[in-house]
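>>> Sequence and predicted structure below; questions after.
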Amino acid sequence: MPAVPRRTLLAVGVAAVLGVSACGAESSSSAAPSTDSSKAPSTSAGQGPWTWTDDRGRNISLPQRPRRVVAQSGAAAALWDFGVRPVAVFGPHRLKDGGRDPEVGEVDISTVESIGNVWGEFNVEKYASLQPDLLVAGMYQKNTLWYVPKESEEAIDQIAPSVGVQLSGKPLVEIIERYGQLAAALGADPEAAPVVEAENRFDAASAELRKLAAARPDLKVMVVTATPDNLYVAYLPDHPDITYWGELGLNIVSPPEPTESEGGFWEVLSWENADKYQADVILVDARAQSMKIEEMARKPTWAKLPAVKAGQLYPWHAAERYSHLGYAKVMEELKADLDKARDDLVK
């Protein structure tokens with residue numbers, strides 16, 4: 001999801017590395033049957049031509065299935081859950097203490113290369129040296145690959161083709177299925193036991209959340225992120241996860257429209273106006289770069305909100321990977337939090 005606040009992209013030096021071959025190298029990424037369709041995975045054996053039409057409408061055509069895949073951390077996490085093992089990642093994946101950033105999901109960061117860990121950081125020279133066959137990233141804004149610096153985009157495109165997966169303006173389940181289709185096209189087995197188990201777990205978590213919503217229609221839930229200067233209230237239609245919870249029946253407090261300067265996603269409030277919307281429960285952005293609840297507590301208007309005074313503040317995993325496993329865990333945690341919350345704090 002778009003970073004808050006907006007950050008100026010850092011310049012990344014472009015090395016003279018554009019002549020590196022992008023296809024045909026060996027890889028530790030998942031090896032399995034190739035496919036020639038972006039609509040549905042093929043189960044035919046063989047190593048013939050590989051094609052894919054991404055969510056920008058780009059047609060990627062390669063002489064064989066890509067083996068060396070580099071992915072933005074959220075995309076890498078989703079593909080990993082479906083059985084693909086990227087050779088490198090970029091975007092948040094390693095915390096300051098060396099631990100794994102939640103945004104990279106189950107990816108084993110000790111076995112993949114890093115070509116960038118923060119916004120605007122993308123080591124083009126190292127990327128080229130890995131001889132990638134394919135780059136994969138999500139897109140919150142149309143035709144804009146998440147965490148790919150604009151100033152390096154042309155150089156990156158010349159090293160290997162890229163696949164963009166649209167993450168906004170589409171239903172949650174559709175995005176998850178899109179990653180599943182891409183993973184299958186890259187050789188992963190869609191019938192593998194962990195993949196099937198994760199989908200069943202997602203369905204069960206959805207059913208449980210639906211039951212809770214039906215039993216507690218008065219429980220009002222709001223989703224926010226924050227900076228030292230502003231509180232950002234999530235605009236439901238632009239967030240696939242929140243939209244999905246609304247479809248399950250949760251009573252989501254959402255602004256009628258987002259702040260135009262943000263390009264969607266949020267209504268931006270000054271801290272003096274942090275009480276514009278109220279809810280029984282507030283889900284707070286849990287990303288490492290976002291303002292922490294302890295810091296927000298120092299804002300007087302925020303501190304007076306009913307949910308804050310009642311301690312009904314729970315994490316919102318804003319950058320969760322789009323996989324059945326990722327969102328099964330999110331919804332299980334959300335239900336456990338809502339089960340213990342009062343629903344009579346606001347009318």
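On my side now, so go ahead. Numbering: from 1, shown residues only.
>>> can you give me the helices in the stretch 201-347 of the chain?
Here the stretch 201-347 of the chain has its helices, by DSSP state H, counting those that start in this stretch, at 240-247, 293-296, 300-303, 306-309, 324-339.
>>> Going by contacts, tell me the helices and strands next to the fourth one.
Secondary structure elements in contact with helix 306-309, counted by 3 or more Cβ pairs under 8 Å, 6 or more residues apart in numbering; DSSP states H and E, are strand 281-285. From N, CA and C alone the C-beta is placed, and that goes for glycine too.
>>> what does the strand it packs on rub up against?
Around strand 281-285, the neighbours that count as contacts under Cβ atoms under 8 Å, 6 or more residues apart in numbering are 4, 219-226, 290-291, 293, 296, 305, 307-308, 312-316, 318, 334, 337-338, 341.
>>> before we move on, back to that, okay if I get the helices of the stretch 201-347 of the chain as CSV plus mean neighbour count?
CSV is the format used below for the helices of the stretch 201-347 of the chain (neighbours: other Cβ atoms under 10 Å):
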stretch, mean neighbour count
helix 240-247, 20
helix 293-296, 14
helix 300-303, 15
helix 306-309, 18
helix 324-339, 19
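>>> And these: which comes nearest G91?
Evaluated over these, closeness to G91 peaks at helix 324-339, with 15.1 Å, by Cβ to Cβ.
>>> how far out from the middle of the chain is that closest one?
With Cα atoms, centre = their mean, to the nearest Å as the basis, helix 324-339 stands 16 Å off its chain's centre.
>>> That helix versus helix 240-247: what angle between them?
With axes from the mean of the first three to the mean of the last three Cα atoms, to 10 degrees applied, the angle from helix 324-339 to helix 240-247 works out at 50 degrees.
>>> Kindly calculate the angle that helix 324-339 makes with strand 281-285.
Going by the same axes, to 10 degrees, helix 324-339 makes 140 degrees with strand 281-285.
>>> which strands and helices sit next to helix 324-339?
Using 3+ Cβ pairs under 8 Å, 6+ apart, helix 324-339 sits against helix 73-81, helix 172-185, helix 193-215, helix 240-247, strand 281-285, strand 313-316.
>>> closest to D275 out of the ones you listed?
strand 281-285 (11.7 Å).
>>> How far does the closest one sit from its chain's centre?
Averaging C-alpha positions (Cα atoms, centre = their mean) puts strand 281-285 18 Å from its chain's average.
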